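Undergrad: Whatever this is, show me its structure:
(4 chains)
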There are 2 protein chains.
Amino acid sequence: MTIRDIARESGYGVTTVSRVLNGQPNVSREAREKIMEVVRRTDFHLNSNAKRLKQQTGTGIAVVVKGSKNMLFSAILERLQSLLAETGYVFMINYVDEGADEVMEAHRICGELRPKGIMFLGGNHENFKRGFEGIGVPCVLITSSAKELGFPNLSSVTTDDAFAAECAIDHLVSLGHRNIGVLGGYVENSYPAARRYAGCVRAFERYSIPADRSRVVASKFSLTDGYAAMERLLDKYPDITAVFAMADVTAIGAIRAIRDRGLRVPEDISVVGFDGIELGSYLTPKLTTVRQDGEAIAERSVRLLLDAIGGEGGAAHEVVPFRLFDGESAMRLEA
Amino acid sequence: MTIRDIARESGYGVTTVSRVLNGQPNVSREAREKIMEVVRRTDFHLNSNAKRLKQQTGTGIAVVVKGSKNMLFSAILERLQSLLAETGYVFMINYVDEGADEVMEAHRICGELRPKGIMFLGGNHENFKRGFEGIGVPCVLITSSAKELGFPNLSSVTTDDAFAAECAIDHLVSLGHRNIGVLGGYVENSYPAARRYAGCVRAFERYSIPADRSRVVASKFSLTDGYAAMERLLDKYPDITAVFAMADVTAIGAIRAIRDRGLRVPEDISVVGFDGIELGSYLTPKLTTVRQDGEAIAERSVRLLLDAIGGEGGAAHEVVPFRLFDGESAMRLEA
DNA sequence: CAGCCCGATGGAAACGTTTCCACCGCTGAC
DNA sequence: GTCAGCGGTGGAAACGTTTCCATCGGGCTG
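TA: Below you'll find the model as predicted:
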């Protein structure tokens, strides 16, 4: 079944059929109806491969995801998919391993799939810095700032990670804590981790708390790594009274570790997370956390990418709002 | 840049270039090297649209996901993606709303994207029953049994839901519980929910516990719905001492609801979940649950689909093993 | 030495669209 | 009465592959 069969069947030419199928003008009502009748009767679909070949386009958006253990990402991905589905794009997800180079992966994807655009969700900022040149399609960085990474003509969407982390520390300090551990990401690799770390340092300086680098334990954003990192922190600093974890999953892992040592949350150690996943408020105690707006992140990413694909406007960097969710996992330090 | 340019540049014909690029035999070492050199130098990639047009295939596998709140699905999806990536398939995820008809959606996807195969992860069994005819590509049902739904020539992968649920009830009864509530899925719609319900009934009968249908509260598999369902259950049956939730996320929602009423888990009410998500053992108390093997589910699904695409063997239904994980959320009933 | 097979190679058709261009009749303006 | 403009239409080229078939030496076998 091809467009030519439809043409023959309906008594029109292929051009007219093509026009009808693509909703283009300059077709008589009569032709339109006759052709549509045949199309419906035969359950005909345009061959998208032929269409794309001729139009020289892919029809998809590829998303390269690194760090999928982070539950916030699941929420963002789902929202991305539904937004893109509305616009008719095919949505292709590629998870890459922690060790892999997502930029090289993106190159490969471009060559093979010819997407119209690429989104990077998460990812290693060293890899980013090594460069995007050669990726022939528009890109949007999600959770990394393209501008600060040195790509002024790439779009990106982030939370104000530094400020948000600062607020988390503020919160703990305002509750009387001074011995605060930090479960971070890998500062050298992760843009959000680096920014959040910077925010912590700024806050600590503001309160004249010695910003002891060794109280910052690097960990991937996952349950198991949060657990392991918390154990290390407790080994080194048994005197800490509070912990800021740079991801909720890390916080959840940490809470388990704290309890497995026979300590209580928040009575012995207060915990503040980051992300604001739905799960947090189902836990006991409810997780105190900095809530990012996953919906907004997804929506703006899509808009920026579509703008870039459409050639509208230059690169833009958007910062979505956050807010501190005051749960029960952080409490006032008993004198 | 086309294959013809490469041919001219390297001094060979397009056929030979095509052969080299596709790793086919009957090419001299010399030709292969010369051509590859040009390809690398020019960073040439085959145009996948042209390739697919000619070969009359899509190159992707579409996954239609319904019920994404279920964290087990995230794990399965990720595993699916990495398995398929190894085989060179493009992986396209489509989340559909709870209310949507995933079979119609699959039809649409087929027409537009021409995938080589489709996987259904989750989904409404009434929609399935209405039929798959017309989907021109191989399908695999994940978490629903094609055989039992009346599609003997479709492949599928499930856990033995009925037996697994029976084990969950067994466990509660062995701990002395008799007043057991069930937080289920929608039995009319969900294959796993129906099977798990059947398992519960079987177990109740075995112990001569009146299988009171009203002690089964239907809920979607999500945190919020688990919470709401538990509230209803507690309203109707304040005397229950144990709950079996047909999904871990439901169980987590339920635990929150129980605690919000001032009751304790497991001292006042024991909870058994279903799925065995990683998170479960990070909770306090550790979630007692029936653990499905997400990895195995993904692996077998891929194998079955690839077999079907390759035309090897008929339809098969695979049942993956499960096991009861004895956590801390269910305890012996105090006399 | 004839006949064959085989490895290496290339020319050209085909895949199913989109789109450029040309055509045709008709209306309205000059 | 000519001519531009326009709505409606169709023919055919082009998109970049794959693959069928043909060609051409050369090394066997008998």
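Undergrad: CA only for contacts and neighbour counts going forward, please
TA: Fine.
Undergrad: what's the spacing between A:Leu304 and A:Tyr191?
TA: 20 Å (C-alpha to C-alpha, to the nearest Å).
Undergrad: for A:Thr284, same thing?
TA: A:Thr284 is 30 Å from A:Tyr191, by C-alpha to C-alpha.
Undergrad: more crowded one of those two?
TA: For A:Thr284 versus A:Tyr191, neighbours defined as other C-alpha atoms under 10 Å in any protein chain shown are more numerous around A:Tyr191 (26 against 17).
Undergrad: okay but the more buried one is in contact with A:Thr143, surely?
TA: Yes - if you go by C-alpha atoms under 8 Å, A:Tyr191 and A:Thr143 touch, sitting 7.5 Å apart.
Undergrad: Determine the residues that are contacts of both of the two.
TA: When C-alpha atoms under 8 Å, 6 or more residues apart in numbering or on different chains defines a contact, no residue borders A:Tyr191 and A:Thr143 alike.
Undergrad: DNA strand D contacts on chain A?
TA: A:11-16, A:25-31, A:50, A:53-54, A:56 (C-alpha under 7 Å from any atom of the strand).
Undergrad: Can you name the residue of the stretch 201-335 of chain A nearest DNA strand C?
TA: Nearest residue of the stretch 201-335 of chain A to DNA strand C (C-alpha to the nearest atom of the strand) works out as A:Gly310 at 15.1 Å.
Undergrad: all strands for chain A, in order.
TA: Secondary structure of chain A, counting by DSSP state E: strands at A:60-66, A:90-96, A:117-121, A:139-142, A:155-159, A:180-184, A:216-218, A:242-245, A:270-275, A:288-292, A:317-320, A:322-325.
Undergrad: got the domain boundaries for chain A?
TA: The record's domain parsing of chain A by automatic domain parsing lists A:3-46, A:59-159+A:294-320, A:161-293.
Undergrad: Select from those the stretch with the lowest mean pLDDT.
TA: Ranked by mean pLDDT, the domains of chain A end with domain A:59-159+A:294-320 at the bottom, a mean of 87.
Undergrad: separation between the nearest residue to A:Leu149 once chain neighbours are set aside and A:Leu263?
TA: Among residues not flanking A:Leu149 along the chain, A:Lys129 sits closest, at 6.5 Å (C-alpha to C-alpha, 6 or more residues apart in numbering or on different chains). Using C-alpha to C-alpha, A:Lys129 is found at 42 Å from A:Leu263.
Undergrad: swap in A:Gly226?
TA: Distance from A:Gly226 to A:Leu263, by C-alpha to C-alpha: 16 Å.
Undergrad: So for those two, which sits in the more crowded spot?
TA: Comparing A:Gly226 with A:Leu263 by other C-alpha under 10 Å, the one with more neighbours is A:Gly226, at 30 against 14.
Undergrad: Name all residues that make contact with that one.
TA: By C-alpha under 8 Å, 6+ apart, the contact list for A:Gly226 reads A:183, A:219-220, A:249-254.
Undergrad: at 6 Å what do you get?
TA: Listed by C-alpha atoms under 6 Å, 6 or more residues apart in numbering or on different chains, the contact set of A:Gly226 reads A:250, A:253-254.
Undergrad: Narrow the residues you listed to those that are buried.
TA: Neighbour-count burial (16 or more other C-alpha atoms under 10 Å in any protein chain shown) applied to the contacts of A:Gly226 gives A:250, A:253-254.
Undergrad: tell me which of these is nearest to chain B?
TA: A:Gly253 (6.4 Å; C-alpha to the nearest C-alpha).
Undergrad: Tell me how far the most centrally placed residue in chain A lies from DNA strand D.
TA: Central residue of chain A (C-alpha atoms, centre = their mean): A:Leu121, 3.9 Å from the mean position. Remark: distance between A:Leu121 and DNA strand D (C-alpha to the nearest atom of the strand, to the nearest Å) = 29 Å.
Undergrad: Check A:Val265 too.
TA: 59 Å.
Undergrad: and that residue, how many residues sit next to it?
TA: Around A:Val265 there are 20 residues (other C-alpha under 10 Å).
Undergrad: cool, and A:Phe244?
TA: The burial count for A:Phe244: 28, using other C-alpha under 10 Å.
Undergrad: go on, A:Phe132?
TA: 17.
Undergrad: so how far is B:Asn47 from the nearest residue in space to it that is not next to it in sequence?
TA: Closest residue in space to A:Phe132, ignoring its immediate chain neighbours: A:Val103 at 6.9 Å, by C-alpha to C-alpha, 6+ apart. Using C-alpha to C-alpha, we find A:Val103 at a distance of 20 Å from B:Asn47.
Undergrad: So which of the two has more stuff around it?
TA: The neighbour comparison of A:Val103 against B:Asn47 (other C-alpha under 10 Å) goes to A:Val103, with 21 against 17.
Undergrad: Show the contacting residues for the closest residue to DNA strand C within the stretch 101-250 of chain A.
TA: The stretch 101-250 of chain A approaches DNA strand C most closely through A:Lys116 (15.5 Å), counting by C-alpha to the nearest atom of the strand. Neighbour list for A:Lys116: A:58, A:60-61 [criterion: C-alpha under 6 Å, 6+ apart].
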